[in-house]
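In: I need the structure of the sequence given here:
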Amino acid sequence: MSLTASIPIRPFTSFSHATLRNPIKISAFTLDFPLPKSVRRNTTTRRRPNSMNGGAVAARMDDDDDDEDVPFSPSLEQEAFINASKLVGASVSGLEAVLNKLSKWLFAVVFGVILLWRHDAQTLWASIGSILNSALSHILKRILNQKRPGSTSRSDPGMPSSHAQSIFYIVTFAIVSMVQWFGLNGLTAALAGLIFALGSYFSWLRISQKLHTVNQVLVGAAIGLGFSVVWLWLWDAIVLKAFISFLWVRIIVVLAAVGLCSSFVIYVVRYWVLDEQ
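Out: Got it, this is the predicted structure:
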């Protein structure tokens, strides 16, 4: 018996049809490759409870599901925002308190710079007016005798605000001096608006620091502005001609300016410097 006679030979076509009836299926789940955690978590299926038998079927989860993200809490963000707002508010309040204390020094230096810059007869007249304006404020305080806000510890009267009155006297004199020297144009108009805004802000600090009421500051600012305008008008309308014509007028103006400015320096040393130490 030959070897070839004992082995049945199948046609090629039948072999190919037999093998293609059950093709080999290869999927990702049959391969032994580890998948990323995110893929395993997304591919994990949950089974819904079976309502037919009344039992609850727990969902199949991976062991690494415990590191889920912390849920967002709006209360934490709101608390952080409130704390930041309080910090900013405290910083602004502290800055305003410092600026309020420095305001008298700042405007005294500005007025001194204007006097040294102009160094003419009108600046002597303006220096006399500045001292008289401050004296007028103290006189009006005693006459009106209006109390300051209840939150302040100062017992002296508050109507009108002497700070606002002095500030707006200097602001008015600075604007008039600038216009007289450089004329009225776009630049001087813008600078005048800026100077007026700064004077208003430093006067408003007296309100924010609970040292004066709104009416006390407004009245002080109006008196200071009006007194400055009237005082400068007196110089141009009456005093200038007499100052040029008569020696005794010049002597009186110079002596009055020197005497009053010396008295103001003594007042500054006594009440501004020594009281703060």
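In: quick one, helices of the stretch 51-200 of the chain?
Out: 74-118, 121-144, 162-182, 186-208 (DSSP state H, counting those that start in this stretch).
In: comparing those, which comes out most buried?
Out: The highest average neighbour count among the helices of the stretch 51-200 of the chain, using mean count of other C-beta atoms under 10 Å, belongs to helix 162-182 at a mean of 22. In this view, the C-beta of every residue, glycine as well, is placed from N, C-alpha and C.
In: between it and helix 121-144, how many degrees?
Out: 160 degrees (axes from the mean of the first three to the mean of the last three C-alpha atoms, to 10 degrees).
In: now helix 162-182 - C-alpha only, CSV.
Out: Extracted in CSV, the C-alpha atoms of helix 162-182 (Å, rounded to 0.1, in the frame of the first residue of the first chain):
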residue,chain,number,x,y,z
SER,A,162,-9.4,124.5,58.9
HIS,A,163,-7.6,121.9,56.7
ALA,A,164,-10.0,122.4,53.8
GLN,A,165,-10.0,126.1,54.2
SER,A,166,-6.2,126.3,54.0
ILE,A,167,-5.9,123.8,51.2
PHE,A,168,-8.3,125.7,49.0
TYR,A,169,-6.7,129.0,49.7
ILE,A,170,-3.4,127.5,48.5
VAL,A,171,-5.0,125.7,45.5
THR,A,172,-6.6,129.0,44.4
PHE,A,173,-3.4,130.9,44.7
ALA,A,174,-1.5,128.2,42.8
ILE,A,175,-3.9,128.2,39.9
VAL,A,176,-4.0,132.0,39.7
SER,A,177,-0.2,132.2,39.8
MET,A,178,0.2,129.6,37.1
VAL,A,179,-2.3,131.4,34.8
GLN,A,180,-0.6,134.7,35.4
TRP,A,181,2.8,133.4,34.5
PHE,A,182,2.0,131.0,31.6
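In: now the angle from it to helix 186-208?
Out: Going by the same axes, to 10 degrees, helix 162-182 makes 180 degrees with helix 186-208.
In: elements contacting helix 162-182?
Out: helix 74-118, helix 121-144, helix 186-208, helix 214-234 (3 or more C-beta pairs under 8 Å, 6 or more residues apart in numbering; DSSP states H and E).
In: that helix to helix 214-234, inter-axis angle?
Out: 40 degrees.
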